[in-house]
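# any chance you could fold what I've pasted below:
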Amino acid sequence: MNGFKKYMTSFFSGLLSLLKGMKVTIRVFFRKKTTEQYPENRDTLKMFDRFRGQLVMPHNENNEHKCVACGICQMNCPNGSIRVVSETVTDEEGKKKKMLTRYEYDLGSCLYCQLCVRSCPHGAIEFDTKFEHAVFTREKLVRRLNREGSTLAKK
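So this is what the prediction gives:
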């Protein structure tokens, strides 16, 4: 008789545990749904402001940016996702200055750690909230952030 008592105790203990789990499941089942209908609501979808989608270099209406090609972002990038190509030019006063030639960003190897954005002394780069990055080849993930013909913004 002792084995039967143990069996029934174990059975009802398991049944009680199952009913507790079902209670939680049924309660969640009848809650208001928060599912996003992603491809259909692409136009109205709003990402959080803190979301780190991809690195961008903002330009003003005159096609000017704030990057002085100091290379601090490149040095602070743990993966080497950023490559700053610059050239030294001499201005009319005879001073030598670095000018940004090409700012390349490899989205495929980026950790989204934001060390580059935080270390930039001029606020020349930032993360936006764009999140659709599917491509067929990894070469398409290497992006040029400075626009063609862009120059350094006057202060």
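# pLDDT weak spots in this protein?
1, 155 (pLDDT under 70).
# what's the domain layout of it?
1-34, 54-152 (automatic domain parsing).
# those into a markdown table, with extra columns for mean neighbour count and distance to M47?
Using the backbone N, CA and C atoms, a C-beta is placed for each residue, glycine as well. Formatted as a markdown table, the domains of the chain follow (neighbours: other Cβ atoms under 10 Å; distance: least, Cβ to Cβ, whole Å):
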| stretch | mean neighbour count | distance to M47 |
| --- | --- | --- |
| domain 1-34 | 9 | 15 |
| domain 54-152 | 14 | 4 |
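# nearest to T44, of these?
Taking Cβ to Cβ, domain 54-152 is the member of the domains of the chain nearest to T44, at 13.8 Å.
# residue boundaries of the helices in this structure?
In the chain, the helices defined using DSSP state H lie at 2-29, 72-76, 115-119.
# can you list those in TSV and add distance to L145?
Converted to TSV, the helices of the chain look like this (distance: least, Cβ to Cβ, whole Å):
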stretch	distance to L145
helix 2-29	44
helix 72-76	10
helix 115-119	11
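# pull up the pairing partners for the biggest strand by length in the chain, direction included.
The longest strand of the chain (DSSP state E) is strand 96-106. The strands beside strand 96-106 in its sheet (DSSP bridges) come out as strand 82-90 (antiparallel), strand 142-144 (antiparallel).
# residues in contact with the longest one?
Pointing back at strand 82-90 there. 55, 67, 69, 71, 73-74, 96-106, 116 (Cβ atoms under 8 Å, 6 or more residues apart in numbering).
# in space, what's closest to H133 - neighbours in sequence excluded?
L107 (6.0 Å; Cβ to Cβ, 6 or more residues apart in numbering).
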